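# When you get a sec, could you give me coordinates for this:
(4 chains)
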Protein chains: 2
Amino acid sequence: MATATPPTRPALRARYERKQQEVVATAARVFAERGYQATSMQDLTEATGLAAGGLYHYIGSKERLLFRICDELLEPLLEQARAIVAHDAPAADHLRELLRAWLAHIAAHRAHMLVFAQERHVIEREPQWRDVRRQRKAFEQILDDVLARGERDGTMAFADRGLTLLALLGMVNHTATWLKPRGRLSPAQIADGYCDLLLKAGAAA
Amino acid sequence: MATATPPTRPALRARYERKQQEVVATAARVFAERGYQATSMQDLTEATGLAAGGLYHYIGSKERLLFRICDELLEPLLEQARAIVAHDAPAADHLRELLRAWLAHIAAHRAHMLVFAQERHVIEREPQWRDVRRQRKAFEQILDDVLARGERDGTMAFADRGLTLLALLGMVNHTATWLKPRGRLSPAQIADGYCDLLLKAGAAA
DNA sequence: CAGCATACCGAACGATCGCTCGAAGTTCGA
DNA sequence: TCGAACTTCGAGCGATCGTTCGGTATGCTG
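Presented below is the predicted three-dimensional model:
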């Protein structure tokens, strides 16, 4: 995996990183629309306005670009999730907060999310994607822990917690495919909708 | 879209079609694992044991192959769904039957399903995929109709039927990514789990 | 058995792929 | 203000892409 060449002079570092992120965001949009493999570097030069050489100055390689997209998606989400479960609150409250943060994140990084889901087969198979897989796993674990805690303290009672978690992951991940900026429901409303769905289905007797 | 060259002699037609379907099934497996765009025709010649010429004898083109995979997935599923809602039964029974048929279909055509989900961006954008989009839409409409009927006759009461449908589509589609042939839960158990989730969440007051 | 439809091969085609690199232009720090 | 660091260009690299096609072998059919 080739690396880009960031400037050593600190004064230029900020400008470099801003432009780099701009390139990543543009690439994410194009990847989401056309698919990662189906997008050529030529497509990206057109979308970014940079020529081939200029593009590689910022990204290192096409795969590195994909990695960056995944990292920009998962890292801040995981950090938010950890912050939420760090403070004391009932499991149901944690679940609602997690879902709201998650949906807001998806809304703000819809293209990133679509690419991440679309390239599942790359992420799942290749050894160099182990860290990405680990981040995703860690996030899912946080959700499972919250559901487990709800079961343990008697406020939730799922027929099958494992299946419930998988259902939740499915519905939320799927959201990226239909979510529109000016849709009928806001990300928070969607999050609450999913949360109520789970809490009603798992209402303690 | 190039067309393959099926034999006119009826005696050979059966053999041709059997082998053709074998090729499609193999291709679906490889596509699901590596991705459609990332799979080269060379990969397919190795997976099928056919040389390039022999392969094209059966498939016409790579895109045609993708189309066949989608059609093999959607057409029989849609037919089953129509048969289910054709007979008289309570909405909840229809829902359960639909989910069972759907999950069984996913289990039997896991690779097809993964490819279909993975290549969403192709299917969504290109005009020649209109019929495929229409089939998917028709299936979703059948599901929505069942939920709407349940609301109308008072046996179901969803906070937001539209969101519930989207959640359902999400969780079921996502199932293909984690379903294992010898998993803890059978397709029917998963279907029932999802069905109970919805019915509990949408239990009439 | 004659003869054509079918099955399959594999070299080769033009196009396009991701990426490199030397050079030119620009900006920063001393 | 001068040289080094940085940014960007774009022609062009070797590799690989999906596909074609003339060929041969193997049936089926009359």
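# residues contacting the closest residue to residue A:164 other than its chain neighbours?
Spatial nearest neighbour of residue A:164, chain neighbours left out: residue A:158 (4.6 Å); criterion: C-beta to C-beta, 6 or more residues apart in numbering or on different chains. C-beta coordinates here come from the backbone N, C-alpha and C atoms, glycine included. Residues in contact with residue A:158 (C-beta atoms under 8 Å, 6 or more residues apart in numbering or on different chains) are A:147, A:151, A:164, A:201-202.
# Need the three-state assignment for residue A:158.
coil (DSSP: H, G, I helix; E, B strand; the rest coil).
# okay, it: pLDDT?
Residue A:158 is assigned a predicted lDDT (pLDDT) of 97.
# coming back round to it: out of the contacts of residue A:158, which comes closest to DNA strand D?
residue A:164 (39.5 Å; C-beta to the nearest atom of the strand).
# What mean pLDDT does the host helix or strand of the closest one get?
Take DSSP states H and E as the rule and residue A:164 turns out to sit in helix A:161-178. The average pLDDT within helix A:161-178 is 98.
# burial measure for residue A:114, as a count.
24 (other C-beta atoms under 10 Å in any protein chain shown).
# Leaving out the residues flanking it, which one is nearest to it?
Closest to residue A:114 by C-beta to C-beta, 6+ apart is residue A:32, at 4.0 Å.
# helix or strand for that neighbour, which one?
Using DSSP H and E, residue A:32 falls in helix A:10-34.
# Could you confirm whether any residue of that helix contacts DNA strand C?
Yes - using C-beta under 7 Å from any atom of the strand, helix A:10-34 reaches DNA strand C at A:10-12.
# Quick check: what element follows the helix holding residue A:164 along the chain?
helix A:187-201.
# From the contact counts, what lies against that following helix?
helix A:91-108, helix A:161-178, helix B:161-178, helix B:187-201 (3 or more C-beta pairs under 8 Å, 6 or more residues apart in numbering or on different chains; DSSP states H and E).
# re the thing from before, pull out the buried residues from the helix holding residue A:32.
Within helix A:10-34, the residues scored as buried using 16 or more other C-beta atoms under 10 Å in any protein chain shown are A:16, A:20, A:23-24, A:26-34.
# between it and helix A:161-178, what angle do the directions make?
90 degrees (axes from the mean of the first three to the mean of the last three C-alpha atoms, to 10 degrees).
# who's in contact with the residue nearest to the spatial centre of chain A?
Centroid check for chain A by C-alpha atoms, centre = their mean gives residue A:73 as the closest residue, at 3.9 Å. Counting by C-beta under 8 Å, 6+ apart, residue A:73 touches A:105, A:109, A:112-113, A:116.
# any weak-confidence spans in chain A?
Within chain A, the ranges that satisfy pLDDT under 70 run A:1-2, A:205.
# returning to that earlier point: tell me the one of the residues of helix A:10-34 next to DNA strand C nearest chain B?
Closest approach to chain B among the residues of helix A:10-34 next to DNA strand C (C-beta to the nearest C-beta): residue A:12, at 36.2 Å.
# which one is the residue nearest to the centre of chain A nearest to, not counting chain neighbours?
Using C-beta to C-beta, 6+ apart, the closest residue to residue A:73 is residue A:112 (4.1 Å).
# on that earlier part again, and the helix holding residue A:164, what does it pack onto?
Packing contacts for helix A:161-178, counted by 3+ C-beta pairs under 8 Å, 6+ apart, involve helix A:91-108, helix A:110-118, helix A:130-152, helix A:187-201, helix B:161-178, helix B:187-201.
# Return the most buried member of those.
helix A:110-118 (a mean of 23; mean count of other C-beta atoms under 10 Å in any protein chain shown).
# now it against helix A:10-34, angle please.
Going by the same axes, to 10 degrees, helix A:110-118 makes 60 degrees with helix A:10-34.
# Which helix or strand contains the closest residue to DNA strand D within chain A?
When distances are taken as C-beta to the nearest atom of the strand, chain A reaches nearest to DNA strand D at residue A:53, 2.1 Å away. Per DSSP H and E: residue A:53 is located in helix A:52-59.
# Identify each buried residue in that helix, please.
If you call a residue buried by 16+ other C-beta under 10 Å, then helix A:52-59 has these buried ones: A:55-59.
# and the helix or strand following that helix, does that touch DNA strand D?
Note on helix A:52-59: by DSSP H and E, the next helix or strand toward the C-terminus is helix A:62-86. No - using C-beta under 7 Å from any atom of the strand, helix A:62-86 never reaches DNA strand D; the gap is at least 12.4 Å.
# And DNA strand C, is helix A:62-86 touching that?
Yes - contact of helix A:62-86 with DNA strand C (C-beta under 7 Å from any atom of the strand) involves A:62-63.
# now that helix against helix A:10-34, angle please.
Going by the same axes, to 10 degrees, helix A:62-86 makes 100 degrees with helix A:10-34.
# Any idea which of the helices and strands packed on helix A:161-178 gets closest to DNA strand C?
DNA strand C lies closest, by C-beta to the nearest atom of the strand, to one member of the helices and strands packed on helix A:161-178: helix A:110-118, at 14.0 Å.
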